[in-house]
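J.: Quick one, structure for this:
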Amino acid sequence: MTERNVPSLTRRELLRVGGISLVGGFLQHFTPVNVHGGQRVTPIGSARYVLFVNIDGGMSQIDTLDAREGAWTPADFEIRRFPNGVVLPYGLLSNVAGVLDKITVVRSLGAWDAVHGRAQYYIQTGHPLNLALAKEVPAIGAVVAYELAKERKASDSLPAYIAMNMEGNQAGLVNQGFLSAEFGPMNMRISDEGPPDMIPREGVGEVLARRWERLHQLDGALRSGTSPDRSFANYHEYYRSAWAIMNDPRISQIFTIRDEDRKRYGSSAIGNSLILARNLLQADAGTRFILASHGGWDHHSDIYREKTRNHQVLIRELDRALGNVIRDLDGTPSPHHAGRTLLDDTLVIAMSEFGRVPGPITETRKGREHHIRVHSGIFAGGGVTRGAVMGRTDEEGGDIADAGWSARRAIYMEDVACTIYSALGIDWTKRIQSTPSGRAFHYVEPASGTRFVGFEPVQELFA
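T.: Numbers count the residues shown, from 1 in each chain. Next comes the predicted model:
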């Protein structure tokens, strides 16, 4: 697909571009109006936030959440069966094993596409890739930002949609499409050193304020939105967002990662990303949807090879980060509901775009190829049942034996999108009539790229 223009943030660049992704200016002539619901539905409304951990590259289900043991299994996997029937490589997933009482393991996920770029586009949008409409379709996070804009508080300085480490994604970072720029993602590159340095230096406040005022004096008319070219107003939105961030006293605490947290979460890019995600959720400063990506899972060759970023290295990184963020969220009281935790307020999803071929690894390349018929993921918080398992696969782990829910089929990304919208109290059947192409945008299409399915929230996930 066409590479998207999504800036990565440094403190120096923050005021220049504002960190909000940019779509072609011509799209901004269109304001989303004529929003209709497709049918009478009742969203669950059990969550306030979403944390989506994108396991980018295709995690092998039989080497993680639906483990199978064979002659190919390395000794350090230490395969164990748990009381709820989940089988894990405990040697690699001891932290996740320690939070099995807080999560639901789903073993009946399916995918439509075996090509990374298109499948990752699905992950971000819940839609099949149509090159004619690719720039028009907004990401799920952008739709969430659009829908929940009415709930923003005066003190909310951070964008509703924040993405982390999407630079290497083969789909790029999908932005706000035809929606207004204010609903687009702020994309950050998080390294094993930590987040970008966004904390304003002491003593520069007066200078920044003076420059901000002078900027408005010079081109205030262009920023007012009265110009026929919406791009000026969009750039103003980027600047305004950056200005709000830099003047929020909570920013220092949010973007500071303590050494003890860094070590506990694994001293990795995904660990630091989930620490930052935790800080953002605890601050409740306007962010409602977080997409944190963990790349490198495309193990066609040398999947278990030592001294590389092999499967064991990546799963241990994910295990430390994901297990600890679930613990920390569950140990933080909800700022909005007495008797609940921040995990209860946050729908956490960790999944790949597809799985890997089960059985022995390939003889020549010592890896696993793409597999779309079944893969596994983790759902937690936001009303999701604790300590459960959904779905069962066949003896090899390559096909679904029991989907574990009422639709009696694989759970596709469209179903996950429906579930996200429903958990946030959003009508997933809505469509927006006014788009640049003239084709109505459905929050979730009723059909995949190949056949009618009738997607729906996975109600059985919820207690």
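J.: so Asn279, which of the three states?
T.: helix (DSSP: H, G, I helix; E, B strand; the rest coil).
J.: what's the burial count for Asp156?
T.: Counted with other CB atoms under 10 Å, the neighbours of Asp156 add up to 17. (Glycine included, C-beta is placed from N, CA and C.)
J.: now it: how far from Ile190?
T.: 22 Å (CB to CB, to the nearest Å).
J.: Repeat that for Arg48.
T.: For Arg48 relative to Ile190 (CB to CB), the value is 23 Å.
J.: same thing with Thr393?
T.: 33 Å.
J.: what secondary structure does Ser155 sit in?
T.: Going by three-state DSSP: Ser155 is coil.
J.: again, but for Arg80
T.: strand.
J.: just the helices in the stretch 151-300 of the chain please.
T.: Assigned by DSSP state H, counting those that start in this stretch, the stretch 151-300 of the chain shows helices spanning 205-223, 230-246, 251-254, 259-264, 269-283.
J.: pLDDT weak spots in the protein?
T.: 1-34, 37-38, 198-209, 212, 215-244, 246, 449 (pLDDT under 70).
J.: Let's see that with 80 instead.
T.: 1-39, 196-248, 448-451 (pLDDT under 80).
J.: residues contacting Val99?
T.: 323, 326-327, 380 (CB atoms under 8 Å, 6 or more residues apart in numbering).
J.: ditto for Ser267
T.: Here Ser267 is in contact with Asp192 (CB under 8 Å, 6+ apart).
J.: residues near Val453, how many?
T.: Based on other CB under 10 Å, the number of other residues close to Val453 is 17.
J.: quick one: the strands in the stretch 51-200 of the chain?
T.: Remark: strands assigned in the stretch 51-200 of the chain by DSSP state E, counting those that start in this stretch are 79-81, 87-89, 103-109, 161-164, 186-188.
J.: Which positions within stretch 39-57 qualify as buried?
T.: Neighbour-count burial for stretch 39-57, counted by 16 or more other CB atoms under 10 Å, picks out 43-44, 46-57.
J.: Tell me which two of these sit farthest apart.
T.: Farthest pair in the buried residues of stretch 39-57 (CB to CB) is Pro43 and Gly57. Separation: 31.9 Å.
J.: returning to that earlier point: would you mind giving the strands of the stretch 51-200 of the chain as a markdown table with distance to Asp344 and mean neighbour count added?
T.: Shown next, in a markdown table, are the strands of the stretch 51-200 of the chain (distance: least, CB to CB, whole Å; neighbours: other CB atoms under 10 Å):
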| stretch | distance to Asp344 | mean neighbour count |
| --- | --- | --- |
| strand 79-81 | 28 | 14 |
| strand 87-89 | 24 | 23 |
| strand 103-109 | 13 | 26 |
| strand 161-164 | 21 | 27 |
| strand 186-188 | 26 | 24 |
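J.: will you turn these into JSON lines that also has distance to Val348?
T.: Below are the strands of the stretch 51-200 of the chain laid out as JSON lines (distance: least, CB to CB, whole Å):
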{"stretch": "strand 79-81", "distance to Val348": "23"}
{"stretch": "strand 87-89", "distance to Val348": "18"}
{"stretch": "strand 103-109", "distance to Val348": "8"}
{"stretch": "strand 161-164", "distance to Val348": "15"}
{"stretch": "strand 186-188", "distance to Val348": "19"}
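J.: Select, out of these, the one closest to Ser448.
T.: So among these, strand 103-109 is nearest, using CB to CB, at 14.2 Å.
J.: Let me know the distance separating Arg408 from Glu460.
T.: Computed as CB to CB, the Arg408 to Glu460 distance reads 11 Å.
J.: what about the two, which has more around it?
T.: Neighbours per residue (other CB under 10 Å) separate Arg408 from Glu460, with Glu460 holding more: 17 against 10.
J.: Apart from its chain neighbours, what residue comes closest to the more buried one?
T.: Trp405 (4.4 Å; CB to CB, 6 or more residues apart in numbering).
J.: okay but that neighbour is in contact with Thr419, surely?
T.: No: using CB atoms under 8 Å, Trp405 is not in contact with Thr419, being 10.6 Å away.
J.: Common neighbours of these two, please.
T.: With CB under 8 Å, 6+ apart, Trp405 and Thr419 have common neighbours 458, 461.
J.: who's more crowded, the two?
T.: Thr419 (27 against 19).
J.: any idea whether that one is helix, strand or coil?
T.: Thr419 is classified as helix under three-state DSSP.
J.: show me what contacts it?
T.: Applying CB under 8 Å, 6+ apart, we find Thr419 in contact with 347, 457-458, 461.
J.: Out of those residues, who's the most crowded?
T.: Leu347 leads the contacts of Thr419 on contacts (other CB under 10 Å) with 28 neighbours.
J.: Would you quantify the distance from it to Leu276?
T.: From Leu347 over to Leu276 the distance is 18 Å, taken as CB to CB.
J.: ok, Phe455 - how many residues close by?
T.: 24.
J.: switch to numbering from 875
T.: Will do, 875 is the new start, and the previous item becomes Phe1329.
J.: What residue, apart from its backbone neighbours, is nearest it spatially?
T.: Closest residue in space to Phe1329, ignoring its immediate chain neighbours: Glu1288 at 3.9 Å, by CB to CB, 6+ apart.
J.: Which helix or strand contains that neighbour?
T.: Under the criterion of DSSP states H and E, Glu1288 resides in helix 1287-1297.
J.: Please pull up the helix or strand immediately following that helix.
T.: Heading C-terminal from helix 1287-1297 (DSSP H and E), you reach strand 1305-1306.
J.: Beyond that following strand, next helix or strand please.
T.: Where DSSP H and E defines the elements, the next helix or strand beyond strand 1305-1306 is strand 1315-1316.
J.: Within the sheet, what are the partner strands of that following strand, with directions?
T.: Using DSSP bridges, strand 1315-1316 pairs in its sheet with strand 1305-1306 (antiparallel).
J.: Next, the contact list for Ala1212, please.
T.: Contacts of Ala1212 (CB under 8 Å, 6+ apart): none.
J.: Assumed it was part of a helix.
T.: No: read with three-state DSSP, Ala1212 is coil and lies in no helix.
J.: closest one to Ala1262 among the strands of the stretch 925-1074 of the chain?
T.: strand 977-983 (4.3 Å).
J.: I'd like to know which elements the closest one is packed against.
T.: strand 1220-1225, strand 1249-1254, strand 1262-1264, strand 1266-1267 (3 or more CB pairs under 8 Å, 6 or more residues apart in numbering; DSSP states H and E).
J.: can I get those strands in a markdown table with distance to Ser982?
T.: Converted to a markdown table, the helices and strands packed on strand 977-983 look like this (distance: least, CB to CB, whole Å):
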| stretch | distance to Ser982 |
| --- | --- |
| strand 1220-1225 | 12 |
| strand 1249-1254 | 8 |
| strand 1262-1264 | 6 |
| strand 1266-1267 | 7 |
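J.: Nearest to Glu943, out of those strands?
T.: Per CB to CB, nearest to Glu943 of the helices and strands packed on strand 977-983: strand 1266-1267, 14.3 Å.
J.: Can you name the element that comes right after that closest one?
T.: By DSSP H and E, the next helix or strand past strand 1266-1267 is strand 1274-1276.
J.: who does that following strand pair up with?
T.: So strand 1274-1276, judged by DSSP bridges, has these partners: strand 1266-1267 (antiparallel).
J.: ok, and what's touching the partner strand?
T.: Contacts of strand 1266-1267 (CB under 8 Å, 6+ apart): 935, 940, 981-982, 1248, 1273-1276, 1278.
J.: I am finished for the moment; much appreciated.
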